[in-house]
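Trainee: Give me the fold of what follows.
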Amino acid sequence: MFQTTPCTLLKKRQRPESTPAHPQEGMKFGEVTVYLVERRMGTSRRKFLTSLARSKGFCVDNTLSSKVTHIVAEGNPANELWPWLQEQGLPHLDNTNVLDITWFTESMRAGRPVPVEAQHCIQKPSLELETCVPDISVPAVSQYACQRRTTLDNQNKLLTDALEVLAEICEFNDNKGRCLGFRRAASVLKSLPTPLRRLQDAEGLPCLGEESKAVIEEIFECGSCYKVEDILADERYQTLKLFTSVFGVGPKTAEKWYRRGLRSLEQICSDSSIHLNRMQAAGFLYYEDISKPVTIAEAKAVGCIIKETASYFSSCVTITPTGGFCRGKVFGHDADFILTIPEPGKENGLLPAVIDSLRDQGILLYSDFQESTFDLSKLPSRHFEAMDHFQKCFLILKLKLERVEGQQADSGRGRDWKAVRVDLVAPPADRFAFCLLGWSGSTQFERDLRRFARLERGMLLDNHALYDKATNTFLQAKTEEDIFTHLGLDYIEPWQRNA
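Mentor: Predicted coordinates:
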């Protein structure tokens, strides 16, 4: 796709587990040897639980061997865990206790191994039961988008389009709860490998509230949802959608203009009482161009310009495309790039130098530069902020059409260039993985990834860092996959994050 550094990073080799060379000191319960399954639990949490158990006198082995009496897993379905255990070649596996994390937590609370009861066991799937399950059975769907693989091949577009219209009108009405509910429902449907044919097919799917189910049922019965059709025909909705299509105009500003009786962009531009900020003024000035999608060929051409420009500042600059194009999209509303330099602190002057060079080339139409306010001592933040604290800039560039592969100048335009929106961010090199993950999207994927970290792992994740509240430590990561490993998640490629 791009000739610069690819967004899809190579998977690192799993580090071999180690076994203590000497017997564990302070062991009280010699009859019990625990093995904690790292799959889905994550490296950091496993280390913490191992330390906790050993401090209470439990023997915890890091290697799955015949000495192990109690195998403890967290968040592993039986039909996934048991095949993996069988692959390990453990002798007498059928006589080993395979337990859910609840046995472990109860034992930690009691300070001794509690008796194994039926509710603790992860039962081996019955072969007879497996053969009775029809091939068309749908696997369990996670409530978290970060545990679902969602490509651009949406099998339920009719349903998701309707739910997203409802989410959009809720956003215009500042109803954040209902907006999020509809977006979560649409996200789940996008991840399904096959289309739903009836409402009963959605039975057991997470995040589908009663309103979302009612919409789905009406579409199946009538072919469309009348409520959605009414919204699409509503003057207010159409006007707010038009106004928010302008660069720099949000829902609140659009609502204010609508209440003043304005209904078109021409009316706004001709109203002398309206004072536009710099971003909005640029949005109206170049509206014809930047309201149209950016093609992948245009994004690639912009990437080449940024790389050439940044190389004057330092030959070590790496340009990494991110955003929608990173996830496999062929159109987007802008082109996003991360600029990194290996030398600590050197990134501080990078974006100002790039902006000055673009201005000298005569291709900078608009720029909004934001200096870095990143301070690790002020992290972790308990409240997620939409904008990170890295140095960044929001640009509009004059892209010469001759630089775009396969595109020729349009004589009807009267000019040989197009205005294109470009966002650049320059994090410190040691923050690159977190920045890349945050800027890659999609919005719902990132939202659920942070929610999973907080609720399921007791960690705080944002574009800057991953913080483990149990150990009060920041977890280091050089790649996106490192972050997934810390969280005990299977790595999901960027093109599978279109939630």
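
Trainee: C-alpha from now on. contacts and neighbour counts both.
Mentor: Fine.

Trainee: part of a helix, is P321?
Mentor: No - using DSSP: H, G, I helix; E, B strand; the rest coil, the assignment for P321 is strand, not a helix.

Trainee: how far away is it from L339?
Mentor: Separation of P321 from L339 (Cα to Cα, to the nearest Å): 9 Å.

Trainee: Which one of the two is surrounded by more residues?
Mentor: P321 (27 against 23; other Cα atoms under 10 Å).

Trainee: helices or strands next to whatever helix or strand V354 lives in in the packing?
Mentor: Taking DSSP states H and E as the definition, one finds V354 inside helix 350-360. Helices and strands in packing contact with helix 350-360 are listed as helix 296-311, strand 364-370, strand 391-400, strand 417-426; criterion 3 or more Cα pairs under 8 Å, 6 or more residues apart in numbering; DSSP states H and E.

Trainee: tell me the angle that helix makes with helix 296-311.
Mentor: Between the axes of helix 350-360 and helix 296-311, defined by axes from the mean of the first three to the mean of the last three Cα atoms, to 10 degrees, the angle is 110 degrees.

Trainee: So what touches helix 350-360?
Mentor: 306, 309-310, 313, 364, 367, 369, 391-393, 424-426 (Cα atoms under 8 Å, 6 or more residues apart in numbering).

Trainee: go with 10 Å
Mentor: Outside helix 350-360, the residues within contact range by Cα atoms under 10 Å, 6 or more residues apart in numbering are 305-314, 317, 339-341, 361-371, 391-393, 395, 397-398, 424-426.

Trainee: What's the ChimeraX syntax to select whichever of those are buried?
Mentor: Per 16 or more other Cα atoms under 10 Å, the buried members of the contacts of helix 350-360 correspond to this ChimeraX selection:
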select :306,307,309,310,311,317,339,340,341,363,364,365,366,367,369,371,391,392,393,395,397,398,424,425,426
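
Trainee: May I have the residues that are in contact with K124?
Mentor: Counted by Cα under 10 Å, 6+ apart, K124 has contacts A78, N79, L81, W82, P83, D94, V98.

Trainee: any idea which element the fifth one lies in?
Mentor: Think P83. Using DSSP H and E, P83 falls in helix 78-87.

Trainee: can you give me the mean pLDDT across that helix?
Mentor: For helix 78-87, mean pLDDT is 87.

Trainee: Tell me which helix or strand comes right after that helix.
Mentor: strand 97-100.

Trainee: who does that following strand touch, helix- and strand-wise?
Mentor: Judged by 3 or more Cα pairs under 10 Å, 6 or more residues apart in numbering; DSSP states H and E, the packing partners of strand 97-100 are strand 33-36, strand 70-73, helix 78-87.

Trainee: now could you export just the CA positions of the longest one as CSV?
Mentor: Extracted as CSV, the C-alpha positions of helix 78-87 are listed here (Å, rounded to 0.1, in the frame of the first residue of the first chain):
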residue,chain,number,x,y,z
ALA,A,78,-13.2,-25.0,27.2
ASN,A,79,-13.3,-25.7,23.4
GLU,A,80,-10.2,-23.5,23.0
LEU,A,81,-8.3,-24.4,26.2
TRP,A,82,-8.5,-28.2,26.0
PRO,A,83,-7.2,-28.6,22.5
TRP,A,84,-4.2,-26.4,23.5
LEU,A,85,-3.6,-28.5,26.6
GLN,A,86,-3.7,-31.7,24.6
GLU,A,87,-1.1,-30.3,22.2
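
Trainee: Any chance you could list what contacts that helix?
Mentor: So helix 78-87 is contacted by 37, 39, 64, 71, 73-76, 93-94, 98, 100, 121-126, 130 (Cα under 10 Å, 6+ apart).

Trainee: Would you list the buried entries among these?
Mentor: So, by 16+ other Cα under 10 Å, the buried ones in the contacts of helix 78-87 are 37, 39, 64, 71, 73-74, 76, 93, 98, 100, 121-123.

Trainee: Helices of the stretch 201-350 of the chain, start to end?
Mentor: Secondary structure of the stretch 201-350 of the chain (DSSP state H, counting those that start in this stretch): helices at 210-222, 226-233, 235-243, 251-259, 265-270, 278-285, 287-290, 296-311, 350-360.

Trainee: Of those, flag the one that's most buried.
Mentor: Comparing the helices of the stretch 201-350 of the chain by mean neighbour count (mean count of other Cα atoms under 10 Å), helix 296-311 comes out on top with a mean of 20.

Trainee: Quick check: which ranges of the stretch 301-450 of the chain have low pLDDT?
Mentor: 408-413 (pLDDT under 70).

Trainee: So which residue is smack in the middle of the protein?
Mentor: E446 (2.8 Å; Cα atoms, centre = their mean).

Trainee: That one contacts C435, correct?
Mentor: No - with contact defined as Cα atoms under 10 Å, E446 does not count as touching C435 (11.5 Å).

Trainee: What is the burial count for S65?
Mentor: Residues lying near S65 (other Cα under 10 Å) number 15.

Trainee: which residues sit in contact with it?
Mentor: T33, Y35, Q88, G89, L90, P91, L93.

Trainee: switch to 8 Å and redo it
Mentor: Contacts of S65 (Cα under 8 Å, 6+ apart): L90, P91.

Trainee: dump the residue contacts of S442.
Mentor: G323, G324, R497, N498, A499.

Trainee: rerun at 10 Å
Mentor: A145, G323, G324, R327, P494, W495, Q496, R497, N498, A499.

Trainee: Report the separation between the fourth one and T485.
Mentor: Just to be clear, that refers to R327. Applying Cα to Cα to R327 and T485 gives a distance of 20 Å.

Trainee: what sits against the residue nearest to the centre of the chain?
Mentor: Residues counted as contacts of E446 (Cα under 10 Å, 6+ apart) are A145, C146, L437, G438, W439, S440, F452, L461, D462, N463, R497, A499.

Trainee: if we can go back for a sec, so among the contacts of K124, which ones count as buried?
Mentor: In those, burial by neighbour count holds for A78, L81, W82, V98, counting by 16+ other Cα under 10 Å.

Trainee: which of these lies closest to A53?
Mentor: Using Cα to Cα, V98 is the member of these that lies nearest A53, at 17.2 Å.

Trainee: Mind listing the residues bridging to that closest one?
Mentor: Here V98 sits in beta bridges with I71, as judged by DSSP bridges.

Trainee: close enough to count as contact, it and T69?
Mentor: Yes - applying Cα under 10 Å, one finds V98 in contact with T69, separated by 8.6 Å.

Trainee: pretty sure F29 belongs to a helix, no?
Mentor: No - applying three-state DSSP, one finds F29 to be coil, outside a helix.

Trainee: do you know which of the helices and strands packed on helix 350-360 lies nearest F29?
Mentor: strand 417-426 (52.5 Å).
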